[in-house]
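1. have a look at this prediction, sequence included:
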Amino acid sequence: MNITNQIVIEKAKELGFDLVGFTPATVLLSETGHLKEWLLNGYQASMEYMSRNLEKRLDVKNILPNAESVISLAMNYYTPHNHMIEPGRFGKVSRYAWGKDYHLVIWEKLELLEDELKKVDPGFECKTYVDTGPVMDKAWAVRAGIGWQGKHSNVISREIGSWFFIATVITNYPFDYNESIQDYCGSCTACIDACPTKAIVSDYLVDSNKCISFLTIENKDEIPVKFKDQFDGWIFGCDVCQDVCPWNEKFSIVSRLKEFEPAGNKELELDEVMNMSGGIFNKRFETSPIKRAKIAGLKRNGNFLK
Ligand code: SF4
Ligand code: SF4
């Protein structure tokens, strides 16, 4: 039996994905051009991995030689909770990291999806990615009609806003393909105006050297002192540009997955972080995205907010 778009959509939605789009596995010429420009400007900061494997980012046939299509999947993680605000006592955690690590959640579901599709046709082959590996996940999501890339650089859906994770499935299977949708940012500049560190240096261009998300998570160095008092209380990540986006205000819907409900990590008590042992850190954040910052990074962030 042939695998149709409808079969993929039904099975993906049963597993908890919210949006599914299909696009041919073509070469991403203009998108890698933009990436190269971004790299030339040094906007990747110390994320050197962003400049590796450009040939795979450009052409997914360098990952799966018989690739025909790319399936882009969105998984909504929005939950209707707010931070406890008490500057100097709590540090805020980015919404995506409130619950279970999305890699763990989505990897499992992608395996199940692959198994299900192979049951329909054993000839189905794929390589799957969630935010790791040399794959232009946002570019594929845009091409597959999931949404458009907003001026803050996240993908925005007209149905669910931008609080979603993106998974990418490169496959040997042909499908009917979606059209990309237009950019609905229009004349809005809310994210650019609200960014506490002015990291959105121009429309669609984020300089990681200034972005609180980078500075509190991927960054291994000290946080430049010039950002003191500009951090708006964030200890891990930053949601400001997505919080102010009108598409999230109007269209966010609550995630169907209980895994993304806050697991006691919506905000962190600064004193607790500063006194935390390695053992407690490992145990508390074992299945949380917060472990990515490592204990030294989290303590550095806590110290910066004090
Ligand atoms: S995540 Fe925060 S710091 Fe980074 S661009 Fe958005 S608002 Fe600015
Ligand atoms: S806040 Fe406005 S400009 Fe920024 S991504 Fe949302 S719609 Fe686009």
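-> That came in fine, so what should we check first? Ligands and ions are numbered 1, 2, ... in the order given.
2. any idea how far Gly186 is from Met75?
-> Noted for Gly186: a distance of 27 Å to Met75, by Cβ to Cβ, to the nearest Å. Every C-beta, even on glycine, is put in place using the N, C-alpha and C of the backbone.
3. again, but for Glu272
-> Distance of Glu272 to Met75, computed by Cβ to Cβ: 30 Å.
4. which of those two has more neighbours?
-> Met75 (26 against 12; other Cβ atoms under 10 Å).
5. please identify the helix or strand for that one.
-> strand 69-76 (DSSP states H and E).
6. paired strands for that strand, with orientation please.
-> When pairing is defined by DSSP bridges, strand 69-76 lines up against strand 19-24 (antiparallel), strand 164-171 (antiparallel).
7. next one: the helix or strand following the shortest one to chain centre, how far?
-> Next helix or strand after strand 19-24 toward the C-terminus (DSSP H and E): helix 29-40. Between the mean C-alpha point of helix 29-40 and the mean C-alpha point of its chain there is a distance of 19 Å (Cα atoms, centre = their mean, to the nearest Å).
8. pull the contacting residues for Ser162.
-> 147, 150, 154-156, 242, 245, 247-248 (Cβ atoms under 8 Å, 6 or more residues apart in numbering).
9. correct me, but Asn301 touches Ile223?
-> Yes. Asn301 is in contact with Ile223 according to Cβ atoms under 8 Å; the separation is 7.4 Å.
10. where do the contact lists of the two overlap?
-> Shared contacts of Asn301 and Ile223, defined by Cβ under 8 Å, 6+ apart, comprise Thr216.
11. of those two, who's got more company?
-> Legend: neighbour count by other Cβ under 10 Å for Asn301 and Ile223, higher for Asn301 (25 against 18).
12. by contact count, what packs against the helix ranked longest in the chain?
-> The longest helix of the chain (DSSP state H) is helix 102-120. With contacts taken as 3 or more Cβ pairs under 8 Å, 6 or more residues apart in numbering; DSSP states H and E, helix 102-120 sits against helix 5-15, strand 69-76, strand 126-129, strand 164-171.
13. in JSON lines, list these along with distance to Asn282.
-> Formatted as JSON lines, the helices and strands packed on helix 102-120 follow (distance: least, Cβ to Cβ, whole Å):
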{"stretch": "helix 5-15", "distance to Asn282": "29"}
{"stretch": "strand 69-76", "distance to Asn282": "26"}
{"stretch": "strand 126-129", "distance to Asn282": "26"}
{"stretch": "strand 164-171", "distance to Asn282": "24"}
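14. indicate which one of these is closest to Ala296.
-> Among those, strand 164-171 comes nearest to Ala296, with 26.3 Å by Cβ to Cβ.
15. just how off-centre is the closest one within its chain?
-> With Cα atoms, centre = their mean, you get 11 Å for strand 164-171.
16. just to be sure, Gly145 is in a helix?
-> No. Counting by DSSP: H, G, I helix; E, B strand; the rest coil, Gly145 is not part of a helix but coil.
17. which non-adjacent residue is nearest it?
-> Asn178 (3.4 Å; Cβ to Cβ, 6 or more residues apart in numbering).
18. and for Glu179?
-> Distances taken as Cβ to Cβ, 6+ apart place Gly145 nearest to Glu179, at 5.7 Å, with adjacent residues excluded.
19. list the contacts of that neighbour.
-> Residues in contact with Gly145, defined by Cβ under 8 Å, 6+ apart, are 21, 23, 178-181.
20. least confident secondary structure element in this protein?
-> helix 29-40 (a mean of 91; mean pLDDT, DSSP states H and E).
21. any buried residues in stretch 115-127, and which?
-> 116-117, 124-127 (16 or more other Cβ atoms under 10 Å).
22. likewise stretch 71-82?
-> Judged by neighbour count (16+ other Cβ under 10 Å), stretch 71-82 contains these buried residues: 71-79.
23. isn't Trp234 up against Pro87?
-> No. Judged on Cβ under 8 Å, Trp234 makes no contact with Pro87 at a distance of 11.0 Å.
24. so how many other residues sit close to Ala190?
-> By other Cβ under 10 Å, 19 other residues sit near Ala190.
25. nope, Cys185 is what I was after
-> Neighbours of Cys185 (other Cβ under 10 Å): 20.
26. chain center to stretch 296-305: distance?
-> Computed by Cα atoms, centre = their mean, the chain-centroid distance of stretch 296-305 equals 22 Å.
27. is that stretch anywhere near ligand 1?
-> No. Using Cβ under 6 Å from any ligand atom, stretch 296-305 stays clear of ligand 1, coming no nearer than 13.3 Å.
28. what are the buried residues along that stretch?
-> Quick answer for stretch 296-305 (16+ other Cβ under 10 Å): 297-302, 304-305.
29. let's see which of those residues end up in helices.
-> Those of these mapping onto helices are 297-302, 304-305, per DSSP H.
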